[in-house]
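1. here is my input; please provide its structure:
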Amino acid sequence: MLRERLVRTVTSMFGGLALLLAATGLYGTVSHGVVRRTREFGIRIAVGAGPGRIRGLVLRDAAAWVVAGMATGLTASWLLSRTVSGLLFSVPAVDALSVAIASGVLIVTTFAAALIPVRRAARVDPVSALRMQ
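-> Got it, this is the predicted structure:
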């Protein structure tokens, strides 16, 4: 059982590290997108778009990144499920509950990582945004 516990511990640690890296990467990507689109947000706010509309634009972009990543990850996990099936006990290689929980955690992490850039985008001052070059 020592080998199985070691594999479980190492896999859990790598999973946590992967989640942290995904959140950091997503934060950086969304933040960079907000900086690049600051002028656009300033124009939208100047012509009457509210903060909720701007938040929706940024969150939609973040959701698009997550959907693409989840589609890739779910496909890869389905293709590689036979490889790890020998290490699993009393759990099928493709477990719907595990996939649902992992997807839920990733979605919550996405919105947590996008929270700061979303708030920054919604508070753009139109005058200073239009003066930016």
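
2. isn't residue 117 up against residue 30?
-> Yes. With contact defined as Cβ atoms under 8 Å, residue 117 and residue 30 form a contacting pair (4.5 Å). To be clear about C-beta, it is placed using only N, CA and C from the backbone, and glycine gets the same treatment.

3. buried sites along the one helix or strand residue 104 maps to?
-> Here residue 104 sits within helix 96-122, counting by DSSP states H and E. By 16 or more other Cβ atoms under 10 Å, the buried positions in helix 96-122 come out as 102, 106, 109-110, 113-114, 117-118, 120-122.

4. tell me the one of those nearest residue 14?
-> Ranked by distance to residue 14 (Cβ to Cβ), these are led by residue 102 at 13.4 Å.

5. separation between that closest one and residue 56?
-> 26 Å (Cβ to Cβ, to the nearest Å).

6. just for this structure, where's the confidence low?
-> 89, 133 (pLDDT under 70).
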